[in-house]
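> Below is the sequence, then the predicted model.
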Amino acid sequence: MTTATPLNFGIIGLGAGAMNMIPELRANPNARIAAAADPRAPARERFERDFGGRAYTDAEELCADPEVEVVYVMTPDEMHAAHTIMAAERGKQVILDKPMGLTLEECDAIIEATERNGTRVLVGHSQSLDLPNLKMAEIANSGRLGKVVMIHTMFYSDWIYRPRAKEELMQDRGGSIVRRQGPIQVDIARMIGGGLARSVRAKTNIVDASRPIDGSFTAFLDFEDGHTATITYDGYGHFNSAELTFGYTLQGTRMDAGLHAASRKRIAAFPGADAEEAYKDSTRYGGSMERSIEQPVSPDRRHAFFGLTLVSCERGDMRQTPTGLIIHGDGGDEEIAVPAGDGYNRRYCSVEVDEMCRAVREDTPVRIHDARWGKATQEVVLGIIRSSDERREVFMEHQVPYAAQGVA
């Protein structure tokens, strides 16, 4: 979808995550990058060179910019609530990177500020909105294969051994794999399962004492409708689950453990936490090792999924393929192509940006991942942590149904 006039976006936080988001936001015909805020001078200087836009030292200045219509919050997790509320108080629409907030109280504060000011928040659990996930959710919720029975989603990566800033290795600062990656998997399960999780039982793990945050977890979700979901993430870098979805990298070489072993060796080579943080800082927007934001994108570019998701229904099972989905049904196998298109080429923020722009232009609420959906997902994420700590089932109280048909 392309609107007649792009909306003016302002970005708060030009860190490593922004390096994934900015090229795709720039390529989106619905958006114009007008301003950014970051305390780092090199980031502001590069932004002014790249976009000719206004670069501010703090978020409050950006939120006061009268030309900014939508604020994209890409700051560290502990700042998400404050920056979203700040934008809402200035009448700005917000796309908020996951997680919505560190606590349910922060989520409630965002909802209150947004509803009081008549603005919108879309919580961007971007990978959960990949086109194959949206298609599986559409089929599952349509009843085409009968009722959903089981959902399994799993991801194995080297996440725990990627270079981190000091605060990213502190549990109390939100730097765990459950908080940072769990929202995406929880979203996938909730979307496919209709949204209404009843309870969660989970176990988190810290395997490497030198990285003192949880680096793997398994969760069992029980849904109100009677179906279940298992969620598994292992970020310790021994196995790469992309082998199960693609078998090969996009360059045609086999996905093997060597890639992940290299991540562990790189971390081990840093003389200390300061050196690791300096390396991480160099990869941020405006850093010495920054990537280009102008590299061309193939119209048929594909990407590895966020692990493997398998959905079992009464009359068939579904899973991803490199080019879409396959249904293993009562009458045999059916392949469903999911074209590459914009959803792949701009996969980091394409659906979120297009949906926010549609909602603003049509003066309607957002249809996907609004503030109450974001809170419900965060309730499950926090339930995973609590269940593991207390070794018991944790019941949900703030769930909302999935109702995003027609978005993809």
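Sure, I can see it. Numbers count the residues shown, from 1 in each chain.

> When you work out contacts or count neighbours from here on, use the C-alpha atoms and nothing else.
Fine.

> So which residues of the stretch 101-250 of the chain form strands?
Along the stretch 101-250 of the chain, counting by DSSP state E, counting those that start in this stretch, strands occupy 121-124, 148-156, 197-205, 216-223, 228-234.

> Just put these in a markdown table and tack on mean pLDDT.
As requested, the strands of the stretch 101-250 of the chain are exported to a markdown table (pLDDT from 0 to 100):
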| stretch | mean pLDDT |
| --- | --- |
| strand 121-124 | 93 |
| strand 148-156 | 97 |
| strand 197-205 | 98 |
| strand 216-223 | 98 |
| strand 228-234 | 98 |
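
> Comparing the ones you listed, which stretch has the densest surroundings?
strand 121-124 (a mean of 27; mean count of other C-alpha atoms under 10 Å).

> what residues does that strand touch?
Contact partners of strand 121-124, identified using C-alpha atoms under 8 Å, 6 or more residues apart in numbering, comprise 93-100, 114, 349, 352, 356, 366, 368-371, 374.

> Please repeat the previous calculation with a cut-off of 7 Å.
93-98, 100, 352, 366, 369-371, 374 (C-alpha atoms under 7 Å, 6 or more residues apart in numbering).

> Show me the chain divided up by domain.
7-127+344-370, 128-338+377-395 (automatic domain parsing).

> Quickly compare those and say which is most buried.
The most buried one of the domains of the chain (mean count of other C-alpha under 10 Å) is domain 7-127+344-370, showing a mean of 20.

> that older thread, which stretch among the strands of the stretch 101-250 of the chain comes nearest A81?
strand 121-124 (11.1 Å; C-alpha to C-alpha).

> What is the least confident helix or strand in this structure?
Within the chain, no helix or strand scores below helix 341-345, which has a mean of 46 by mean pLDDT, DSSP states H and E.

> would you list the domains of the chain in JSON lines and tack on distance to A403?
Converted to JSON lines, those look like this (distance: least, C-alpha to C-alpha, whole Å):
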{"stretch": "domain 7-127+344-370", "distance to A403": "7"}
{"stretch": "domain 128-338+377-395", "distance to A403": "8"}
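
> So, low pLDDT: which residues of this protein?
1-4, 246-260, 289-304, 340-349, 404-408 (pLDDT under 70).

> on that earlier part again, closest one of the contacts of strand 121-124 to G143?
Looking across the contacts of strand 121-124 and measuring by C-alpha to C-alpha, the closest to G143 is H369, at 21.7 Å.

> Assign a three-state SS to the closest one, would you?
Secondary structure for H369, judged by DSSP: H, G, I helix; E, B strand; the rest coil, is coil.

> List the contacts of stretch 74-91.
12-13, 17-18, 59-60, 63-64, 71, 73, 94, 97, 99-102, 106, 110, 113-114, 117, 119, 173-174.

> ok, so what distance separates R46 from A27?
18 Å (C-alpha to C-alpha, to the nearest Å).

> Which of the strands of the stretch 101-250 of the chain sits closest to V311?
Among these, strand 148-156 sits nearest to V311 (C-alpha to C-alpha), with 4.6 Å.

> list the helices and strands the closest one packs on?
Judged by 3 or more C-alpha pairs under 7 Å, 6 or more residues apart in numbering; DSSP states H and E, the packing partners of strand 148-156 are helix 177-193, strand 228-234, strand 308-313.

> Now do the contacts for the closest residue to E355 other than its chain neighbours.
Counting by C-alpha to C-alpha, 6 or more residues apart in numbering, E355 lies nearest to V366, which is 6.5 Å off, once chain neighbours are set aside. By C-alpha under 7 Å, 6+ apart, V366 lies in contact with 122, 355-356, 359.
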